[in-house]
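*Asks:* mind looking at a prediction? Sequence and model below.
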Amino acid sequence: MTDPSTLKILEALSENWQVEMRGFYTYNAFSERDSDPIRKRILRNMAEAEARHAALWGKRIRELGEEVPRYHGKPAGEADTLANRVGGPGMALRRLEIDESRDIARYGKQLEELGDLPSIEILHRVIEDEQEHYRELGDLIRNHYPAAAVAEVQSEAKSVIAELLAKRSNAGRQAAGWIGDAIYGVNDGLGAIFGIVSGVSGATLGNSHYVLLAGIAGMVASALSMGSGAYLAAKSECEIYEAELAREREAIQTNNLEARELLSLYYQVKGLPQEDADRVVEHIGKDPEQMLRALASERLNSTEEALSNPMTSAISGALSTAVGAFVPIIPFFFLSGYPAVVISAVISLAAHFAVGAAKSLITVRTWWGSGFEMTAIGAVEGVVTYVIGMGLGRLGS
């Protein structure tokens, strides 16, 4: 049987546990409902501290031979009391500040009366945290944010931004880069060689020998042209960006004040008030590289992450063009005459539809709308070039 002094200690510790758990749920509820990121972070940290305090009291209760009590409060603690709801956020913070002062006083009284050395050690730790909570709540009431909390939120924001940029770099940008080049290459090769095959078929009545010669020559030429064009375009884009970036870096070093004013004006044009724009620029300007990237992004309307890799563009462009160009000539390896022309037209139009549908991967259009559009364009191209080829064939004969 537990002696009276231990029962008194357990009663006090159980009350402490209930108070800390109620504080945890209260701070947690206020944190979840707050829209200000810094205040949200501070309140969440307080909730975590209250949970640690409750764990300390629970551990000591078990050491004294009792089970940790059940929480008797509400899921939102004191956050949903009538006084907190009617008084608004400011009054709620004031009431929390008062509660913290009462807890500090109650714990201080226990230091003198409890007479249990392990509990007293816990009390010293808890009182120190509660005093910090009291100061932080006072700062929140006066809208003065602790520097540590501001730095923590900024660090978290930078991590989130870095993570999002990494995801975009690994997914979105590459998808819109090499996939876009590949789809464009297939489309270009398919369209160009389908036109050549149709024209030569019309001129030679589907003679497979001439169609294959013209088709393969066109396929090689189109693939090389597309690959080299994509490489030079991407390389030129990178070189232009690097040159512009070097000029921006020199301008910032030469006249930093003018660069800051210019960046602030860009933000004002986007709708930020001058005071807010100046404050944002002041923060960005603390890091020269960040200032350079921000100014370059506004002036050049581009970022380094958005640039295409020249070799990737060249390879995807050349290979995809060759694949697209090979489709119309496949039947002529096995057939000749009108059957080969008809089958070539069917598989080429089917390929046009597939390429058009694939474009929906990097556009906002429906796959069937884009597919039918490409099919219609391919059909018109095939008919026109076939008719022209027939005319040229008759002239030659």
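*Replies:* Yep, that arrived.
*Asks:* ok, Arg102 to Arg60 distance?
*Replies:* Distance from Arg102 to Arg60, counting by Cβ to Cβ, to the nearest Å: 22 Å. Where C-beta positions appear, they are placed from N, C-alpha and C, glycine not excepted.
*Asks:* from Arg102, how far off is Ile377?
*Replies:* Taken as Cβ to Cβ, the span from Ile377 to Arg102 is 78 Å.
*Asks:* cool, Ala214 as well?
*Replies:* 92 Å.
*Asks:* which one's more surrounded, the two?
*Replies:* Ala214 (20 against 12; other Cβ atoms under 10 Å).
*Asks:* in three-state terms, how would the more buried one be classified?
*Replies:* With DSSP: H, G, I helix; E, B strand; the rest coil as the basis, Ala214 sits in helix.
*Asks:* quick one: it and Val200 touch, right?
*Replies:* Yes: Ala214 is within contact range of Val200, at 4.6 Å (criterion: Cβ atoms under 8 Å).
*Asks:* ok, which stretches of the stretch 1-150 of the chain are helices?
*Replies:* Ranges of helices in the stretch 1-150 of the chain, per DSSP state H, counting those that start in this stretch, are 4-33, 37-63, 82-113, 117-141, 147-168.
*Asks:* residues touching the closest residue to Ser201 other than its chain neighbours, list them.
*Replies:* The shortest distance from Ser201 to any non-neighbouring residue, by Cβ to Cβ, 6 or more residues apart in numbering, is to Val341 (4.6 Å). For Val341, the contact set (Cβ atoms under 8 Å, 6 or more residues apart in numbering) comprises Ser198, Ser201, Gly206, Tyr386.
*Asks:* show me the contacts for Glu97.
*Replies:* Tyr134, Leu137, Gly138, Ile141.
*Asks:* likewise for Leu307?
*Replies:* Contacts of Leu307 (Cβ under 8 Å, 6+ apart): Ala234, Glu237, Cys238, Tyr241.
*Asks:* can you check Gln131 too?
*Replies:* Gln131 touches Ile104, counting by Cβ under 8 Å, 6+ apart.
*Asks:* again with the one 10 residues further on
*Replies:* The contact partners of Ile141, by Cβ under 8 Å, 6+ apart, come to Gly90, Leu93, Arg94, Glu97.
*Asks:* hmm, back to that, can you pick the most crowded of the contacts of Glu97?
*Replies:* Leu137 (22 neighbours).
*Asks:* could you find the closest non-adjacent residue to that one?
*Replies:* Using Cβ to Cβ, 6+ apart, the nearest residue to Leu137 is Glu97, at 4.2 Å.
*Asks:* can you list the contacts of Leu307 in CSV and add secondary structure and neighbour count?
*Replies:* Formatted as CSV, these follow (DSSP: H, G, I helix; E, B strand; the rest coil; neighbours: other Cβ atoms under 10 Å):
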residue, secondary structure, neighbour count
Ala234, helix, 21
Glu237, helix, 16
Cys238, helix, 15
Tyr241, helix, 17
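*Asks:* what is the lowest-pLDDT residue among those?
*Replies:* Minimum pLDDT across these is recorded for Tyr241, with 76.
*Asks:* so it versus Leu307, what's the distance?
*Replies:* Distance from Tyr241 to Leu307, by Cβ to Cβ: 6 Å.
*Asks:* again with Val126
*Replies:* Taken as Cβ to Cβ, the span from Val126 to Leu307 is 55 Å.
*Asks:* about what we covered before: ok, the residue nearest to Leu137 to Leu190 distance?
*Replies:* Glu97 sits 72 Å away from Leu190, going by Cβ to Cβ.
*Asks:* next: Arg95.
*Replies:* 71 Å.
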